[in-house]
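S.K.: sharing a sequence plus its predicted fold:
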Amino acid sequence: MCTTFAKKIDNTWYLGKTRDPVSWMRWDDEIKLFAEAGDKFRKLLVQNPNPKEDGYYGGINEKGVAIVATYVKTAEEQVSYIRRPYVRLILDAATAEEAVEIIKKFNPLIGGNMFVADKKKCFGIEGGSKSIYVEEIKDQAVKTNHFLHLDEVNLNFSRLPKFKDWTEAHFDRATELLGAAKSLEGLENLLKDRQGSELKQAICTTSAEDECYTYSAVIFDTNKVIAHYAQGNPSEVPFKEYNFK
């Protein structure tokens, strides 16, 4: 599972995400320019490297509209944003507000916690199996694998006894670190934070601690239109810059 954040620094929005896949997800990922003729704008997507399989985990388009998300399963029939290329469709948007409208029109609704932003505005979204909640973020926010506003509850809370503690611990620690972060370096440090590792509750979990550990991390800069992507555990590999030039 994943930790996501949105933070406004120096009058622009940054979106960040760790990727901690569970067993049924596509495990490996890469960042790739998606520029086929059918797309309205060019897009950088963190995606499954197998072209025959779905798996789109976040991205930014050349207009600076970005999305990060994490799945919150609240019903057996719920559709995940991961299972079809919803991210690619969302990044047809020219603004964050337009991205929100695209997400709201999906039928059935896609499930999960999402942030969408451009350099001026940011929105937090909670998508359940039956309803959707949207709020404009003014300064910063964190979302993990539980809802803060919708009443629907992650099914894993009953299936996995420690899951609720895990997602709430990530939320609390990320909120603390995000409040102190004043630069890109501070945001990167959040995504590779190791506090709570002795309980297997660190934001950045390693392969020595858990089979489903932190496989990658990304930060989208909506003003400079840059993706800072660590292909691998962010405590072990550096973040590299990707853009449209």
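M.R.: Structure received.
S.K.: tell me the bridge partners for Asp221.
M.R.: Judged by DSSP bridges, the bridge partners of Asp221 are Tyr14, Ile226.
S.K.: from Ile31, how far off is it?
M.R.: Distance, Asp221 to Ile31, using C-beta to C-beta, to the nearest Å: 14 Å. (Glycine included, C-beta is placed from N, CA and C.)
S.K.: between those two, which contacts overlap?
M.R.: Shared contacts of Asp221 and Ile31, defined by C-beta atoms under 8 Å, 6 or more residues apart in numbering, comprise Ala227.
S.K.: which parts of the chain are helices?
M.R.: Using DSSP state H, the helices of the chain run over 86-90, 96-105, 156-159, 163-180, 184-191.
S.K.: lowest average confidence across helices and strands of this protein, where is it?
M.R.: helix 156-159 (a mean of 74; mean pLDDT, DSSP states H and E).
S.K.: how about it: buried residues?
M.R.: Buried residues in helix 156-159, defined by neighbour count with 16 or more other C-beta atoms under 10 Å: 156-157.
S.K.: for it, output the C-alpha coordinates as PDB.
M.R.: The C-alpha coordinates for helix 156-159 follow below in PDB (Å, rounded to 0.1, in the frame of the first residue of the first chain):
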ATOM      1  CA  ASN A 156      -8.600  -5.000   4.800                       C
ATOM      2  CA  PHE A 157      -9.400  -3.600   8.300                       C
ATOM      3  CA  SER A 158     -11.200  -6.800   9.100                       C
ATOM      4  CA  ARG A 159      -9.100  -9.100   6.900                       C
END
